[in-house]
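Undergrad: Generate coordinates for the sequence data below:
(2 chains)
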Amino acid sequence: MWNFANPANFLRLANALIPWTAAATIVLALLGLYGAFLASPADYQQGNTVRIMYIHVPSAWLAMFCYAIMTLSALGTLVWRHPLADAAQKAAAPLGAIFTLICLVTGSLWGKPMWGTWWVWDARLTSVLVMFIIYLGLIALWHAIEEPSQAGKAATILTLVGVVNLPIIKFSVDWWNTLHQPASVMRLGGPSIHWSMLWPLLTMAVAFTFLFVTLHLMATRNEILRRRLRRQSILAAQEIRASAAQAKPQEA
Amino acid sequence: MGKHAGFIAAAYAVTGVAVSALILYIIADYRRLRRALSKFPPRDGDSGE
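TA: Sure thing, here's the model as predicted:
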């Protein structure tokens, strides 16, 4: 396991895995979209609007899953000071921000025809908006501090502070009265959705997960290359300075 | 899709555009980094590509 955490080994592994995870994403997304639009029925109350669920719910799960991955990476940075954990954490933040944005926008587009409003400041919606702001804050933090290890430390602290929001998002529909419906898949007593709607939803969720894995491998690979480029640029600048210093006494 | 077809289409369109933009950005970033790195000689430990 630790062997794959070596950046060079990770690059080899990522290059081998990316085509397979990308292919799995495409196949599962096509199957999920077939289920969402052709195989599953319209809801008896919501009609065809329920088809927004097949992208809204997986994006919400992925938004939270991505934050959980960032928290594990933050622990890897803090406890083991592993450079790959830091790179993985930085690479995950924009992905999490995009999935959270998709969750918020599709939720709003689902809410307008069903609730009669684009937005309400209830616990579920507000806590997800807070997570989106934390993602943006983390991205800004990494861009604001030039030295990657210092930026990583600051981002690690913010990530670990922000993780308190995950249980709030998950249980907000149980703890407070909200307009948002309670959990209907991951709940005690099993899913309350009929199988004809559940299988496309689960298929889309797995497709989104493979999409996240693919993009995270690609983005972490980019982060490793970015750090190599930074190191190469610094070493090249040092060599130029050293050769210039050597040349000066000869000229004199 | 009924009277709410516009909401459904907009939700899928937003998702498609956001995911496509993310994929294109990551691929473009990778190509830019590879191009920039190719200008430097390989050093010890810079393997895996």
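
Undergrad: where does the stretch 101-250 of chain A dip in pLDDT?
TA: A:183, A:185-191, A:249-250 (pLDDT under 70).

Undergrad: and it, which of its residues are near chain B?
TA: Residues of the stretch 101-250 of chain A found near chain B (Cβ under 8 Å from any Cβ of the partner chain) are A:101-102, A:105-106, A:109-110, A:112-113, A:211, A:215, A:218-219, A:221-222, A:224-226, A:228-229, A:232-233, A:235-236. No exception for glycine: its C-beta is placed from N, CA and C like everyone else's.

Undergrad: Got a quick ChimeraX command for the buried subset of those residues?
TA: In ChimeraX syntax, the buried subset of these is picked out as below (16 or more other Cβ atoms under 10 Å in any protein chain shown):
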select /A:101,102,105,106,109,110,112,113,211,215,218,219,221,222,224,225,226,228,229,232
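
Undergrad: now, which of the residues of the stretch 101-250 of chain A next to chain B lie within helices?
TA: Among these, the ones falling in helices (DSSP state H) are A:101-102, A:105-106, A:109-110, A:112-113, A:211, A:215, A:218-219, A:221-222, A:224-226, A:228-229, A:232-233, A:235-236.

Undergrad: burial of residue A:104, as a residue count?
TA: By other Cβ atoms under 10 Å in any protein chain shown, the residues close to residue A:104 number 20.

Undergrad: Please report how far residue A:74 lies from residue A:207.
TA: 27 Å (Cβ to Cβ, to the nearest Å).

Undergrad: higher neighbour count, these two?
TA: A direct count of neighbours by other Cβ under 10 Å for residue A:74 and residue A:207 places residue A:74 higher, at 26 against 22.

Undergrad: And the more buried one, how close does it get to chain B?
TA: To chain B, residue A:74 is 22 Å away according to Cβ to the nearest Cβ, to the nearest Å.

Undergrad: Can you classify that residue by secondary structure?
TA: helix (DSSP: H, G, I helix; E, B strand; the rest coil).

Undergrad: Spit out the contact partners of it.
TA: Contact partners of residue A:74, counting by Cβ atoms under 8 Å, 6 or more residues apart in numbering or on different chains, are A:85, A:89, A:155, A:156, A:159, A:160.

Undergrad: List the buried residues in the helix or strand containing the third one.
TA: Right, residue A:155. Assessed by DSSP states H and E, residue A:155 sits inside helix A:148-162. Neighbour-count burial for helix A:148-162 flags A:148, A:151, A:152, A:153, A:155, A:156, A:159, A:162 (criterion: 16+ other Cβ under 10 Å).

Undergrad: Which neighbouring elements make contact with that helix?
TA: For helix A:148-162, the packing partners by 3 or more Cβ pairs under 8 Å, 6 or more residues apart in numbering or on different chains; DSSP states H and E come out as helix A:53-80, helix A:83-115, helix A:123-144.

Undergrad: tell me the angle of the second one relative to helix A:148-162?
TA: In this structure, helix A:83-115 runs at an angle of 40 degrees to helix A:148-162, with axes from the mean of the first three to the mean of the last three Cα atoms, to 10 degrees as the basis.

Undergrad: Who are the packing partners of helix A:83-115?
TA: Against helix A:83-115 (3+ Cβ pairs under 8 Å, 6+ apart) you get helix A:7-34, helix A:53-80, helix A:123-144, helix A:148-162, helix A:195-251, helix B:5-37.

Undergrad: closest one to residue A:170 among these?
TA: Proximity to residue A:170 (Cβ to Cβ) singles out helix A:53-80 among these, at 7.3 Å.

Undergrad: By proximity to chain B, which residue of chain A wins?
TA: The minimum distance from chain A to chain B, using Cβ to the nearest Cβ, falls at residue A:11 (3.1 Å).

Undergrad: Quick check: that residue touching residue A:224?
TA: Yes. Counting by Cβ atoms under 8 Å, residue A:11 touches residue A:224, with 6.2 Å between them.

Undergrad: Residue A:119 sits in which helix or strand?
TA: Applying DSSP H and E, one finds residue A:119 in no helix or strand.

Undergrad: who touches it in this structure?
TA: A:108, A:111, A:125.

Undergrad: what about 7 Å?
TA: Residues near residue A:119 by Cβ atoms under 7 Å, 6 or more residues apart in numbering or on different chains: A:108, A:125.

Undergrad: Pick the one among the buried residues of helix A:148-162 closest to residue A:24.
TA: residue A:159 (28.0 Å).

Undergrad: which residue is nearest the centroid of the chain?
TA: Answering for chain A, as no chain was given. residue A:96 (2.8 Å; Cα atoms, centre = their mean).

Undergrad: ah, no, chain B please
TA: Short answer for chain B (Cα atoms, centre = their mean): residue B:23, at 2.0 Å.

Undergrad: This completes my enquiry, with thanks.
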